[in-house]
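# sequence-free structure coming up:
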């Protein structure tokens, strides 16, 4: 039997922290051995732990549970076809490594979240989206197929044609259908490591939404940073950043020689938990005002920036999540459908401004249509994401109120960022939970795969309900 | 001149990191022969190196405990290299549970066979080959545990001490033929072997150890510690006299 370690694990938001039995298989067959254990344990796969809440946690309690399978050793490349740009790899492979190995060969991740420290398997399980969701969809759109190790020990190949029900339950399925062993992903051909980005300052939410509906489809990437401390007439004042990969011909002469080279920077690190007073409403307000002033200082502009600074600004600060102190923080990301998104966004932002809570980072972007993933997050409209320091009870009250606004406007909250939503709220937001339950009981009738999030939202049976 | 490097125990965490570094080296590029027992895993790692680095990699099945097949195995590796083997890196090893081992010899016997007997068997063959060629290198992973017999880890440590002494003798013998022998003594490394164990000192990243191994091979070092700080630490620990050492809790 593979060895496990009892660890107190948390997601990237550092809330909640729970005791889990952590396994770290170095060989694929060890994963199967583990699942055949038949000791009443449940398991969830964990990649690089970048989901914010309890998606990759599996609290161990008196009734069992508790197994967390790390995938960092199961990260082998299997094939790359330079003709079709199709990459096949094991699920533990990180986007960081993918970019490291393949950018020089002229391809980039077709969809990337705001960190490159995610794994292929984790990206599929959360159906991650990026700044190009409005045009290209989420990662699910680029997954050709994957191999899923199910509870029975069978390896299912899942694609749009083969086992399509399991395919669409697993894309966005938060790891609850089985262990993704490997996947095939269609990469995006690019000519350089750079992006040409237009920066535009917008005075308020209406200006921003007008601009987005006007010409957002012209840009592959689009995202707006919002100063969510500005209220009244300036509610939603923001900086809109949009652009695409830079063709070689548009690079300056010195970059053209080696269009895929990016200067390596020294990584900064937050070596310990900062005390809570560092990020207070005043300091965040100052930061937000400064950021807005700096970006708008030169007026609207266009710049060529490297992929690291555009996609992964926070990756250059290791453990930036410690900025929020030991109690961690909560991310809140909601999507709202087009017909109600303006009204919903105003209510959400007003609620936030009124609470005088500073979100260090607030981001808004257009969403294009979602895919057939049963629990996939993106839906046509707009999405707003916030991160808020964990200040305990009152914050949770505020988030419940935000939930209510989102439900009233026909929207939903992103599971990969959630740590506290109730099952009732979740079911009101996601229309396909029953369909997911049917696939789940087909491929995992005894509830071998479970997580703290799965039990909280009723997607996986609790230890008492398991029949196995 | 580019030759083939044979990696014994290619599925271990450190071996994977070493293979990746050797495959990524461009000048001179190494071709690799990966040898291990679990061929499914060996094949996966070989494919990964091919896709990742465009490396030339072949695979041969190797069971350290099948002594009678070692000669045939080594001949096959020589064959695969077109009689151009330039180095052997021995990466495998096992660590039996010390507490159980004090009462159960079966496990300890197996550990001795894997860590010491099989290494002697296979490296004797490699030594003979390189001696005749009058070139090449042999590199093997020992351990800081070889330097002193600590009550918590002396069974494992003694197998690595035997290996270290063997390598020392081999180095002296092969030096005349221009063949180099490297002994690497890593501290605890973050691999499957140490996962979930309480170990002395910080866990080193396998890639850091791999970097030290590759540098040691390139610079023809004799004995290297990895990470480097284990050298002064072990030098100090080796100086503690027996009368004090036996009373220490280590």
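Yep, it's here. The structure displayed is predicted, hence computed values, not measured ones.
# how about the strands in the stretch 1-150 of chain A?
A:4-10, A:17-23, A:43-46, A:67-70, A:77-81, A:86-90, A:107-108, A:143-149 (DSSP state E, counting those that start in this stretch).
# what is the burial count for residue B:56?
15 (other C-beta atoms under 10 Å in any protein chain shown). Backbone N, C-alpha and C define where each C-beta goes, glycine included.
# tell me which strands and helices the one helix or strand in chain B whose mean pLDDT sits lowest is in contact with?
Every helix and strand of chain B was ranked by mean pLDDT, DSSP states H and E. The lowest is helix B:98-101, at a mean of 75. Here helix B:98-101 touches helix B:105-112, helix B:154-175, going by 3 or more C-beta pairs under 8 Å, 6 or more residues apart in numbering or on different chains; DSSP states H and E.
# skipping adjacent residues, who's closest to the residue nearest the centre of chain A in space?
What sits nearest the mean C-alpha location of chain A, by C-alpha atoms, centre = their mean, is residue A:128, with 4.9 Å. Leaving aside its sequence neighbours, residue A:128 sits nearest to residue A:113 (C-beta to C-beta, 6 or more residues apart in numbering or on different chains; 4.5 Å).
# could I get the pLDDT score of the one you found?
On pLDDT, residue A:113 comes in at 96.
# and what of the one 5 residues further on?
Reading off the confidence values, residue A:118 has pLDDT 98.
# and it, what does it touch?
Applying C-beta atoms under 8 Å, 6 or more residues apart in numbering or on different chains, we find residue A:118 in contact with A:47-48, A:50, A:94-95, A:128.
# over to residue A:26?
Counted by C-beta under 8 Å, 6+ apart, residue A:26 has contacts A:73-74, B:11, B:13, B:191-192.
# which of those sit farthest apart?
Farthest pair in the contacts of residue A:26 (C-beta to C-beta) is A:74 and B:191. Separation: 13.9 Å.
# quick one, which of the strands of the stretch 1-150 of chain A is nearest to residue B:71?
Closest among the strands of the stretch 1-150 of chain A, using C-beta to C-beta: strand A:77-81, at 34.0 Å.
# report all helices and strands that that closest one contacts.
strand A:86-90, helix B:39-53.
# can you list contacts of stretch B:163-182?
B:115-116, B:119-120, B:123, B:127, B:130-131, B:133-140, B:142, B:146, B:183, B:185, B:213, B:216-217, B:220-224.
# out of those, which are buried?
Those of the contacts of stretch B:163-182 that meet the buried threshold are B:115-116, B:119-120, B:123, B:127, B:130-131, B:133, B:135-140, B:142, B:146, B:183, B:185, B:213, B:216-217, B:221, B:223-224, by 16 or more other C-beta atoms under 10 Å in any protein chain shown.
# related to what we said a few turns ago, surely the residue nearest to residue A:128 and residue A:129 touch.
Yes. In terms of C-beta atoms under 8 Å, residue A:113 counts as a neighbour of residue A:129; the distance is 7.2 Å.
# residue B:97: how many residues sit nearby?
14.
# er, residue A:247 actually
Neighbour tally, residue A:247, other C-beta under 10 Å: 13.
# show me the shaky parts of the stretch 1-150 of chain A.
A:1, A:63-65 (pLDDT under 70).
# which residues in it form helices?
All helices of the stretch 1-150 of chain A, identified by DSSP state H, counting those that start in this stretch, fall at A:28-35, A:95-102, A:120-125, A:133-136.
# chain B is nearest to which of those?
helix A:95-102 (5.6 Å; C-beta to the nearest C-beta).
# what does chain B have sitting close to chain A?
By the rule C-beta under 8 Å from any C-beta of the partner chain, the part of chain B lying against chain A is B:11, B:13, B:38, B:40-41, B:44-45, B:47-48, B:51-52, B:191-192, B:195-197.
# residues in contact with the closest residue to residue B:25 other than its chain neighbours?
Nearest residue to residue B:25, sequence neighbours excluded (C-beta to C-beta, 6+ apart): residue B:214, at 7.4 Å. Residue B:214 sits next to B:18, B:21-22, B:25 when contact means C-beta under 8 Å, 6+ apart.
# how about the residues of chain A near chain B?
A:3-5, A:24-29, A:73, A:76-80, A:90, A:101.
# state the helix or strand in which the nearest residue in space to residue B:226 that is not next to it in sequence lies.
Spatial nearest neighbour of residue B:226, excluding adjacent residues (C-beta to C-beta, 6+ apart): residue B:212 at 3.9 Å. Here residue B:212 is covered by helix B:206-218, with elements defined by DSSP states H and E.
# hmm, back to that, residue A:113 and residue A:129: which is more packed in?
residue A:129 (30 against 22).
# separation between that one and chain B?
27 Å (C-beta to the nearest C-beta, to the nearest Å).
# repeat for residue A:117
Counting by C-beta to the nearest C-beta, the gap from residue A:117 to chain B is 16 Å.
# wait, that residue touches residue A:98, no?
No. Residue A:117 lies out of contact with residue A:98 (C-beta under 8 Å); the separation is 11.5 Å.
# those two: who's more crowded?
residue A:98 (23 against 17).
# the more buried one reaches residue A:111, doesn't it?
No. Residue A:98 lies out of contact with residue A:111 (C-beta under 8 Å); the separation is 11.7 Å.
# residue 59: neighbouring residues, count only.
Using chain A. Neighbours of residue A:59 (other C-beta under 10 Å): 20.
# chain B, not that one
18.
# and the one helix or strand it maps to, what does it pack onto?
Here residue B:59, judged by DSSP H and E, is contained in strand B:57-61. Here strand B:57-61 touches strand B:31-36, helix B:39-53, helix B:70-80, going by 3+ C-beta pairs under 8 Å, 6+ apart.
# and those, which is most packed in?
A comparison of the helices and strands packed on strand B:57-61 by mean neighbour count, using mean count of other C-beta atoms under 10 Å in any protein chain shown, puts strand B:31-36 on top with a mean of 26.
# need the max-distance pair from the residues of chain B next to chain A.
Farthest pair in the residues of chain B next to chain A, by C-beta to C-beta: B:51 and B:197, 32.6 Å.
# so what's residue 238 up against?
No chain in the question, so chain A it is. Residue A:238 neighbours (C-beta under 8 Å, 6+ apart): A:201-202, A:205, A:208, A:224-227, A:364.
# that answer is for a different chain, and I need it for chain B
Per C-beta under 8 Å, 6+ apart, neighbours of residue B:238: B:147-148.
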